[in-house]
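Student: predicted model and sequence follow; I will ask about them next.
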Amino acid sequence: MDVSMIPLDYATLRVIWWLLLGVLLIGFAVMDGFDLGVAALLPVVAKTDEERRVMLNLVGPVWEGNQVWLITGGGAIFAAWPLLYAASFSGLYLAMLLLLVALIVRPVGFKYRSKLPDARWRATWDGLLCFSGVVASLVFGVAMGNLLLGLPFGSDPETLRPLYAGSLWQLFTPFPLLAGVVSVAMLLAHGAALLAWRTDGLIAARARRIGAVLALACGVLFALAGVWVASMDGHVIAGTVDVSAASNPALKAVEVVGGGWMRNFGRWPLMWLAPLVGVGGSLLAAVLLWRGGRASAFLATSAAIAGIILTTGFALFPFLMPSSLQPGMGLTVWDASSSHFTLWVMLLATAVFLPIVLFYTGYVYRVMRGTVTPESVSDNPNAY
């Protein structure tokens, strides 16, 4: 097919896929985030085996569908941003492996926890489920923090093969750890909001108290991280870039300047809505949870998640993966994408299949709506 026949130009398609990547990240954080949050809160909110079974059966039937958002995001990166996929999945191999271990423990815990009535057996799996929720939430936040610092990688100028020079422990420096704590507080507050909405009695009451504290901590720590970013060195493209040229990171010059990550907010003031929603959604969720809110608190934590992720994306744009080792070889929206034709074909497929997935997901949640109680769990022979 002649690319001149494609109704959308190359630059527009690149921006659309950048936006779709953000949508997938937000979808994963909102949908699978409450699974991670509930798992992490399991030993804290539930005090008896009956209460823990209620929590597990709240998220057990839907976690697999929710995790599809992560798989879809990985597939979208592979197809739309191949250079980003190569650089991140090879250079961050050990961090990805740690995340994979945490995500593998979760389904095993769901399936095996109730196989034996032994208290020690169940307590062990409860601890592993908590581990999976905390570690996965932490790693996602640490990854976001390292993107703002820049990752120690370069590229072979001839083959564009990524060359990573860092180690696993170099990822866990002060700012990424702060970002990781923000992520943990954000997703645990989201999980607590779901518990406050979809359970009752002592579980819901404890979830509201704990969730209010976590949501407040998320808002405060996110604001603190924003102040830190404002004083941090950021990457800025020097000169002009051909936004419709074939992908080649070596064709640009990049400067590292103080406060560089704040430039987009000055250029497009509407972007300030994202951090305002991130902080405001967190604080509103804390108030709603403290006052006994149910669905409203869950919507507030969802808005906070969207605001926090959008803030990071807006600050980085057009960068996808900055390089601290060779700033000029950092990957951007304009030089890390697939071809014009590939992006167009993928967009057509997305326009067909994404509505189907959203419709099916909505139908599943409608069928499974309602409060999960000890009685509903004991009456269900298929319950975890």
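Tutor: Received the coordinates, thanks.
Student: any idea how far residue 106 is from residue 76?
Tutor: Counting by CB to CB, to the nearest Å, the gap from residue 106 to residue 76 is 23 Å. All C-beta spots, glycine's among them, are computed from the backbone N, C-alpha and C.
Student: and for residue 303?
Tutor: As for residue 303, its distance to residue 76 is 23 Å (criterion: CB to CB).
Student: what's near enough to touch residue 308?
Tutor: Residue 308 makes contacts with 182, 186, 222, 278, as judged by CB atoms under 8 Å, 6 or more residues apart in numbering.
Student: which non-adjacent residue is nearest the residue nearest in space to the middle of the chain?
Tutor: The residue lying closest to the centre of the chain (CA atoms, centre = their mean) is residue 29, at 4.3 Å. What sits nearest to residue 29 in space, not counting adjacent residues and going by CB to CB, 6 or more residues apart in numbering, is residue 305, at 4.9 Å.
Student: what is the burial count for the one you found?
Tutor: For residue 305, the count of nearby residues is 27 (other CB atoms under 10 Å).
Student: name the nearest residue to residue 116, sequence neighbours excluded.
Tutor: Distances taken as CB to CB, 6+ apart put residue 122 closest to residue 116, at 7.4 Å, once the chain neighbours are dropped.
Student: is the residue nearest to the centre of the chain in a helix, a strand, or coil?
Tutor: What DSSP: H, G, I helix; E, B strand; the rest coil gives for residue 29 is helix.
Student: check residue 163 too.
Tutor: What three-state DSSP gives for residue 163 is strand.
Student: is it correct that it is in contact with residue 90?
Tutor: No - under the criterion of CB atoms under 8 Å, residue 163 is not in contact with residue 90, lying 9.4 Å apart.
Student: low-confidence ranges in this structure?
Tutor: Along the chain, segments meeting pLDDT under 70 span 1-5, 157, 381-383.
Student: can you give me the strands in it?
Tutor: Counting by DSSP state E, the chain has strands at residues 153-155, 162-164, 233-238, 253-258, 319-321, 331-332.
Student: so what does the last one touch, helix or strand wise?
Tutor: Pointing back at strand 331-332 there. Packing contacts for strand 331-332, counted by 3 or more CB pairs under 8 Å, 6 or more residues apart in numbering; DSSP states H and E, involve helix 82-91, strand 319-321.
Student: which of those sits most buried?
Tutor: The highest average neighbour count among the helices and strands packed on strand 331-332, using mean count of other CB atoms under 10 Å, belongs to strand 319-321 at a mean of 25.
Student: packing partners for that strand?
Tutor: Strand 319-321 packs on helix 82-91, strand 331-332, going by 3+ CB pairs under 8 Å, 6+ apart.
Student: how about a cut-off of 10 Å?
Tutor: Secondary-structure packing of strand 319-321 (3 or more CB pairs under 10 Å, 6 or more residues apart in numbering; DSSP states H and E): helix 82-91, helix 119-149, strand 233-238, strand 331-332.
Student: of those, which is nearest residue 43?
Tutor: Evaluated with CB to CB, those place helix 119-149 nearest to residue 43, the distance being 5.3 Å.
Student: list the buried residues of the closest one.
Tutor: Of the residues in helix 119-149, 122, 125-126, 128-149 count as buried by neighbour count, 16 or more other CB atoms under 10 Å.
Student: so that helix versus strand 233-238, what angle?
Tutor: Orientation of helix 119-149 against strand 233-238 (axes from the mean of the first three to the mean of the last three CA atoms, to 10 degrees) gives an angle of 50 degrees.
Student: distance between stretch 101-110 and the chain's centre?
Tutor: With CA atoms, centre = their mean, to the nearest Å as the basis, stretch 101-110 stands 18 Å off its chain's centre.
Student: who's in contact with the residue nearest to residue 284 when sequence neighbours are not counted?
Tutor: Spatial nearest neighbour of residue 284, chain neighbours left out: residue 300 (4.5 Å); criterion: CB to CB, 6+ apart. Contacts for residue 300 (CB atoms under 10 Å, 6 or more residues apart in numbering) come out as 189-190, 193, 215, 277, 280-289, 293.
Student: what is the nearest of those residues to residue 238?
Tutor: Distances from residue 238 to those, taken by CB to CB, are shortest for residue 277, at 31.6 Å.
Student: ok, the closest one touching residue 299?
Tutor: No - Residue 277 is not in contact with residue 299 according to CB atoms under 10 Å; the separation is 11.8 Å.
Student: now, of the contacts of residue 300, which are buried?
Tutor: Listed as buried from those are 189-190, 193, 215, 277, 280-286, 288-289, 293; burial here means 16+ other CB under 10 Å.
Student: so which of these are in helices?
Tutor: If you go by DSSP state H, the buried ones among the contacts of residue 300 have 189-190, 193, 215, 277, 280-286, 288-289 in helices.
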